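>>> Show me the folded form of this:
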Amino acid sequence: MLLLLATLPAFTGCSLISKIISGKDNVQPPRELTKFVPSAQVQRLWKDSIGDGSGRSGIRLAPAYADGKLYVASVDGKLAALDAATGKTIWRDDTRTQGWFGFGHKRYADALYAGGPTVSGDLLAVGTLDGHVYGMDAATGKQRWAAEVSDEVVSPPVIDNGVVYARTNDGRIYALDAATGQRKWVNDQANVPLLSLRGNGPLLVAHGVVFFGSDDGKIVALRGDTGSAQWQQTIAKGEGRSDIEKLNDADDMLQLDGDALYATAYHGQLVSIDAPTGKVNWNRPFSSYVGVAVADKQLVGVDDQSQVWAFDAGSGSDMWKQDALQYRWLSPPAVQGRYVVVGDLEGYVHWLNLKDGSFAARTRLSKDAIRARPLVVGDTVFVEDESGNIAAYRVPTPP
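Down below sits the predicted model:
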């Protein structure tokens with residue numbers, strides 16, 4: 001009981017912010033959707049579900065794609081591989097234990113999948129709410145190894161050059177041997193704010209460097225072989241009178257295009273950073289809880305009011321803004337050909353023209369919030385809502 005009471009303040013804070021961001025306790029009503037004449041046709045290829053999805057955890061569980069297969073997981077211990085073209089199940093695993101403390105007649109999940117899945121080659125890696133990272137055979141779902149870590153893993157692990165990199169909710173980055181799960185190093189950020197947005201931005205690994213945004217408004221680069229810091233850059237200072245105003249998470253998805261690293265922060269900035277050196281190319285005010293996507297020489301971002309913006313990637317200057325989805329608490333944006341794709345709190349999926357932000361198409365997956373970034377593979381978009389409903393949509397893009 002004492003342990004439970006001790007954890008309540010932090011848990012309550014994270015849950016509160018998660019509800020605000022997902023629209024559960026909206027202080028502003030979501031903008032009503034307006035009709036438009038579609039310029040693109042949406043074809044649903046298939047629909048399925050995976051357990052409870054992310055449930056009430058407040059995380060952004062998303063599918064992973066590799067070699068024609070779609071890998072999905074849920075917080076109630078379900079993991080599956082689907083044929084990406086048809087949705088047909090290739091294998092499905094349900095990891096459970098009997099009752100509380102392993103006995104009794106009720107069944108409770110003991111693998112609360114929350115980070116991932118991630119696939120590279122024949123290895124599937126996934127993290128859990130109970131502080132584990134599992135390495136599994138991608139062809140069968142059978143476990144190869146298990147690694148215990150210090151806290152929840154709520155963002156996808158990254159597999160690179162024989163190493164699995166995983167981030168925990170208490171500010172640590174782990175490097176695990178991809179073959180055995182043995183720990184190679186751990187980097188501890190030490191200071192994690194008591195109040196922050198629910199979740200962690202995914203790690204970005206490239207050219208032997210691990211990049212990530214921290215809960216205290218910094219972008220950090222670590223050496224992939226040792227875990228030692230190469231550089232860090234502050235993009236939000238957490239100024240304000242209230243605790244909410246002082247939130248300055250840089251936990252959004254980082255984007256790397258050549259040597260340019262693009263990052264955003266809640267109550268912070270949109271910045272372009274020279275990835276090798278950490279020097280800022282340009283910055284501009286832009287508060288976001290989901291980050292940006294890269295489309296050629298253009299960036300598309302969603303701000304903290306769910307307005308969609310486009311910026312020039314070379315300078316950060318405005319190109320257009322679409323405010324018709326304001327307060328609909330959009331997912332991170334994804335780019336599909338000439339469109340940007342976002343999901344919203346009522347289960348709608350929207351396609352906007354990259355040229356001017358006008359609406360091109362819209363469909364509805366369910367009545368549940370879509371919090372994870374849509375996954376684009378060619379002319380197909382895979383979308384998952386927080387209840388575990390998953391669908392594949394085809395939107396042909398003009399030449």
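>>> so what's residue 332 up against?
By C-beta atoms under 8 Å, 6 or more residues apart in numbering, the residues touching residue 332 are 60, 252, 253, 290, 291, 293, 302, 342, 372, 373. Every C-beta, even on glycine, is put in place using the N, C-alpha and C of the backbone.
>>> one more time with 7 Å, if that's ok
Residue 332 sits next to 253, 290, 291, 302, 373 when contact means C-beta atoms under 7 Å, 6 or more residues apart in numbering.
>>> mind checking the SS state of it?
When classified by DSSP: H, G, I helix; E, B strand; the rest coil, residue 332 comes out as coil.
>>> Against residue 50, how distant is it?
Using C-beta to C-beta, to the nearest Å, residue 332 is found at 20 Å from residue 50.
>>> and what of residue 315?
For residue 315 relative to residue 50 (C-beta to C-beta), the value is 42 Å.
>>> Which one of these two is surrounded by more residues?
Using other C-beta atoms under 10 Å as the criterion, residue 315 and residue 50 rank with residue 50 on top: 24 against 11.
>>> Check that one and give its pLDDT.
For residue 50, the model assigns a pLDDT of 95.
>>> The residue nearest to residue 182 when sequence neighbours are not counted: neighbour count?
Once flanking residues are discounted, residue 182 sits nearest to residue 176: 6.7 Å by C-beta to C-beta, 6 or more residues apart in numbering. Per other C-beta under 10 Å, the neighbour tally for residue 176 reads 24.
>>> got a list of what residue 176 touches?
Applying C-beta under 7 Å, 6+ apart, the residues contacting residue 176 are 133, 147, 163, 164, 166, 182, 183, 184.
>>> Also residue 143?
134, 136.
>>> can you rerun that using 10 Å?
79, 93, 95, 111, 124, 134, 135, 136, 137, 181 (C-beta atoms under 10 Å, 6 or more residues apart in numbering).
>>> For residue 322, see how far away it is.
Residue 143 is 45 Å from residue 322, by C-beta to C-beta.
>>> before we move on, what about residue 178?
Distance of residue 178 to residue 322, given as C-beta to C-beta: 41 Å.
>>> ok, back up a step: what's the following helix or strand after the helix or strand harbouring the residue nearest to residue 182?
In this structure, residue 176 is located in strand 172-177 according to DSSP states H and E. Counting by DSSP H and E, the next helix or strand C-terminal to strand 172-177 is strand 183-188.
>>> Going by contacts, tell me the helices and strands next to that next one.
On a contact count with 3 or more C-beta pairs under 10 Å, 6 or more residues apart in numbering; DSSP states H and E, strand 183-188 meets strand 163-167, strand 172-177, strand 218-223.
>>> partner strands of it, parallel or antiparallel?
strand 172-177 (antiparallel) (DSSP bridges).
>>> What are the phi and psi values at the residue nearest the centre of the chain?
Taking C-alpha atoms, centre = their mean, the centroid of the chain lies closest to residue 60, which sits 5.0 Å from it. Per-residue torsions, residue 60: phi -110, psi 70 (degrees, to the nearest 10).
>>> What is the burial count for the closest residue in space to it that isn't next to it in sequence?
Distances taken as C-beta to C-beta, 6+ apart place residue 372 nearest to residue 60, at 4.2 Å, with adjacent residues excluded. Counted with other C-beta under 10 Å, residues neighbouring residue 372 total 23.
>>> Double-check residue 372 against residue 58; I have them as touching.
No: the pair residue 372 / residue 58 is not scored as a contact, 11.9 Å apart, by C-beta atoms under 10 Å.
>>> any residues in contact with both of these two?
With C-beta under 10 Å, 6+ apart, residue 372 and residue 58 have common neighbours residue 386.
>>> ok so, going back, now the helices and strands packed on strand 183-188 as JSON lines including distance to residue 72?
What follows is these, written out as JSON lines (distance: least, C-beta to C-beta, whole Å):
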{"stretch": "strand 163-167", "distance to residue 72": "19"}
{"stretch": "strand 172-177", "distance to residue 72": "22"}
{"stretch": "strand 218-223", "distance to residue 72": "29"}
